[in-house]
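> A predicted structure for the sequence below; I have some questions about it.
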Amino acid sequence: MPPVADGAVAEQIADAPPSVSADAALIDGRRRPGTHRDLPEPVVQANEGAVRPPPPEAFPVDQFPIPDRWRLIQALCPDRNYPAAALTCRSPFDPYHQNFLKGDRPIDLKSKPSWLPIKGDDWFLVLNGVSDTVVEPRSFPQPVGVQTTENPDSLDVFGRDESIVASQTFIFGGSLIKGSTAYKPPNIEYRVILAYNVNYVDVGQRRILHVEPSKKSHRTDDFLGVQELFVDYHFRNVSDRFDFDSIRVGIQPFNMDFRGFLFQDNQLGIRFFGNRDNNRVQYNFGAIWRLEKDTNSGLNSVVQRPRDDFILFANLFRQDFPVPGLTSQASITVNLNREDGIEVDDNGFPVRPALLGSLRPRNYDVTYLGYAVDGHVGRLNITGSLYGALGEDRNSFFTDKPAKVRAFLAATELSYDHNWMRFRLSGLYASGDGDPYDDRETGFDAIFENPLFAGADTSYWIRQSVPFAGGGRAIGINGRNGILNSLRSSKEQGQSNFNNPGTMLLGIGGDFDLTPTVRLSTNVNHLWFENTATLKALRMEGSIPKAIGWDYSLAAIWRPKAVQNAVFRLSAATLDPGKGFSDLFTNNQGDDRYYSVLFNAILTF
């Protein structure tokens, strides 16, 4: 390198940028390792008693305001540059994400429909739709018609027993709710639910579906029913934990116990309800005026005058009583029946009074005193119900005289969970009438049962209704979706009957969650009549055994998305008749086994 003159060196030094210290060159918020800066002067409070200013971290800079908490997810959704993701976040028809139609966000008053008569904030609209499909091949003892038969070779009391039912129900509903319901009850709610049903039935004999022998042994029918139509008003909150008092008026669901042994239905009524002690105590009391039902669909008919059948009820629930994990219920239910006229159903069959005994109209007053528990003690799950029925039947169909009602029911189900399996043990005892000609009726009957017990409607005996041919006309030994042997025309349109043979059941079962979306359930029940005195009097037989038989059932439930929006069920059940059942329904085919197959698909939005 060539040498540089001293003047040039001095010139280069003069032109160089000024030197900067390492500390001064640091970016704000950073510091050089090993160095310590002096702390700022301490803050001295000049005004004693003043509140200390919040620390700097109380003012984060990574947040931004949104209109309200319901629109949080919507605000975080991608914009129009990502149409696929935006559609998932904002689609009004997607039930798995937030949308306005199912009440995830309040109604915007600026853009609300003109037909909504609402004012103020926190109004929500909830719409829902359900498709319920049933296909059900089955067999049961079918009596041969008196005037004519479907098959010329049907010469016995009972003929072909095959049958099939197909039913499609569409349920549409909506609710208009005032108030934030995440932590407290709504201030007011208006709800309406309509159900439209189309059903087809094909049986093996005439005069089962229609009273006229000229009509065929198959039928197609449809009906539109009003299942819910009520106003729910929130009176007040009585604690900081939102213990409350409310009233609900109109057609609404009622359930008198945990498992539906006494009354479970959607009916016209008024209900006062609420809770206390941080929701550990709940109460209900009110009155029901029963609506007539459509014969073939079982839906509420609001175009007919309501029945002269009234229910007064009061119940009290207490959690963690008598031991932690159990909920106890004490109840009183009064059924005041004044139906002393004659009612014929849509198919021409008399349903009130039931065609038994003297065939005269009757009415009754019965009070049900009940106690029930539901919950667990340790790992043992327990549910149980105990009912006593006390009252008066003013015209017993055996004697045409008043009779005292003295009947009771006891039922319990124990279950134990082990990993993905649940094992169940069930037992039920409903008293029967031992002397139909005395002044006491001791056969227990419910008002409108729908039991979730011993396999529920997967069971043959609970799912199917067996006609009591030879002892009563248009009468079933048991009712459809019912467990009691009540000898009534139907639970939808008939009256309770306390002159019945009673019911006894012992069963074992299990539920097996094979995957998060697939469950397998099985149940085996043995059934008996508690007392056959009533059957012997109606059949004019000297002896009828008590054994009804063995009921075997198996069901598979599939939820493709692991949620309740799509549920598919396929079940099969068979009844292996005992001596009592065979004695009542002997035919020229021998003691055949009877079967029930059920396919059910429920899709919910």
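Everything's here; your move. Everything quoted here is computed from the prediction, not taken from an experiment. Numbers count the residues shown, from 1 in each chain.

> now the helices for this protein?
Ranges of helices in the chain, per DSSP state H, are 6-15, 72-76, 83-90, 460-463, 533-539, 579-584.

> for those helices, which has the smallest mean pLDDT value?
Looking over those, mean pLDDT reaches its minimum on helix 6-15, with a mean of 54.

> keeping just the C-alphas, turn stretch 321-333 into PDB.
As requested, C-alpha coordinates have been extracted for stretch 321-333 and formatted as PDB (Å, rounded to 0.1, in the frame of the first residue of the first chain):
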ATOM      1  CA  PHE A 321     -80.300 -34.700  50.300                       C
ATOM      2  CA  PRO A 322     -80.300 -37.000  52.100                       C
ATOM      3  CA  VAL A 323     -76.600 -37.400  51.200                       C
ATOM      4  CA  PRO A 324     -74.300 -35.500  48.900                       C
ATOM      5  CA  GLY A 325     -74.800 -36.500  45.300                       C
ATOM      6  CA  LEU A 326     -78.500 -37.300  45.600                       C
ATOM      7  CA  THR A 327     -81.400 -35.000  44.700                       C
ATOM      8  CA  SER A 328     -84.700 -35.700  46.400                       C
ATOM      9  CA  GLN A 329     -88.200 -34.800  45.200                       C
ATOM     10  CA  ALA A 330     -91.400 -34.700  47.200                       C
ATOM     11  CA  SER A 331     -94.600 -34.200  45.300                       C
ATOM     12  CA  ILE A 332     -98.400 -34.100  45.500                       C
ATOM     13  CA  THR A 333    -100.500 -34.400  42.300                       C
END
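
> I'd like the numbering to begin with 196 instead of 1 from here.
Okay, residue one is now 196; in that scheme the one you just asked about reads as stretch 516-528.

> ok, residues contacting it?
Counting by CB atoms under 8 Å, 6 or more residues apart in numbering, stretch 516-528 makes contact with 451-453, 457-458, 506-515, 562-573, 577, 642, all of which sit outside it. Heads up, the C-betas are built off the backbone N, CA and C, glycines and all.

> pull out the buried members of those.
Listed as buried from the contacts of stretch 516-528 are 451-453, 457-458, 506, 508, 510, 512-514, 563, 565, 567-571, 577, 642; burial here means 16 or more other CB atoms under 10 Å.

> show me the longest strand that occurs in the chain.
strand 413-432 (DSSP state E).

> just the CA coordinates of that one, formatted as PDB?
As requested, C-alpha coordinates have been extracted for strand 413-432 and formatted as PDB (Å, rounded to 0.1, in the frame of the first residue of the first chain):
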ATOM      1  CA  HIS A 413    -103.900 -50.200   6.200                       C
ATOM      2  CA  ARG A 414    -104.200 -46.400   6.800                       C
ATOM      3  CA  THR A 415    -102.400 -43.200   5.900                       C
ATOM      4  CA  ASP A 416    -103.100 -40.100   8.100                       C
ATOM      5  CA  ASP A 417    -101.600 -36.700   8.800                       C
ATOM      6  CA  PHE A 418    -102.100 -34.000  11.500                       C
ATOM      7  CA  LEU A 419    -100.700 -30.600  12.600                       C
ATOM      8  CA  GLY A 420    -100.500 -30.200  16.300                       C
ATOM      9  CA  VAL A 421     -99.500 -27.300  18.600                       C
ATOM     10  CA  GLN A 422     -97.000 -28.700  21.100                       C
ATOM     11  CA  GLU A 423     -95.900 -25.500  22.800                       C
ATOM     12  CA  LEU A 424     -97.400 -22.100  22.900                       C
ATOM     13  CA  PHE A 425     -96.500 -20.200  26.100                       C
ATOM     14  CA  VAL A 426     -95.300 -17.000  27.800                       C
ATOM     15  CA  ASP A 427     -92.600 -17.200  30.500                       C
ATOM     16  CA  TYR A 428     -92.300 -14.200  32.700                       C
ATOM     17  CA  HIS A 429     -89.500 -13.600  35.200                       C
ATOM     18  CA  PHE A 430     -90.900 -12.000  38.400                       C
ATOM     19  CA  ARG A 431     -87.700 -11.300  40.300                       C
ATOM     20  CA  ASN A 432     -84.300 -12.400  41.500                       C
END
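
> packing partners for it?
strand 383-397, strand 439-450, strand 495-496 (3 or more CB pairs under 8 Å, 6 or more residues apart in numbering; DSSP states H and E).

> go again using 6 Å as the cut-off
Using 3 or more CB pairs under 6 Å, 6 or more residues apart in numbering; DSSP states H and E as the contact criterion, the elements in contact with strand 413-432 are strand 383-397, strand 439-450.

> below-threshold pLDDT in this structure: ranges please.
Along the chain, segments meeting pLDDT under 70 span 196-227, 229-232, 238, 240, 243-244, 254-293, 307-308, 340-355, 665-668, 782-786.

> what do you get if the cut-off is 80, keeping everything else the same?
For the chain, applying pLDDT under 80 flags the ranges 196-300, 303-312, 314-316, 337-356, 375-379, 399, 664-668, 781-787.

> buried residues, the longest strand of the chain. List them.
Residues of strand 413-432 classed as buried under the neighbour-count rule (16+ other CB under 10 Å) are 414, 416, 418-425, 427, 429.

> roughly how far is it from the heart of the chain?
In terms of CA atoms, centre = their mean, to the nearest Å, the gap separating the centre of strand 413-432 from the centre of its chain is 14 Å.

> show me what that strand is in contact with.
Residues outside strand 413-432 that contact it (CB atoms under 6 Å, 6 or more residues apart in numbering): 380, 382-388, 390-397, 404, 439-447, 461, 489, 491-492, 494-495, 497.

> next, the angle from that strand to strand 383-397.
Direction vectors for strand 413-432 and strand 383-397, defined by axes from the mean of the first three to the mean of the last three CA atoms, to 10 degrees, enclose an angle of 160 degrees.

> partners of strand 413-432 in the sheet?
When pairs are called by DSSP bridges, strand 413-432 turns out to pair with strand 383-397 (antiparallel), strand 439-450 (antiparallel).

> the closest residue to residue 714 other than its chain neighbours - how many residues pack around it?
Nearest residue to residue 714, sequence neighbours excluded (CB to CB, 6 or more residues apart in numbering): residue 752, at 4.5 Å. By the other CB atoms under 10 Å criterion, the neighbourhood of residue 752 contains 18 residues.

> do the same with residue 647
Here the neighbour count serves as a burial measure; for residue 647 (other CB under 10 Å) it reads 16.
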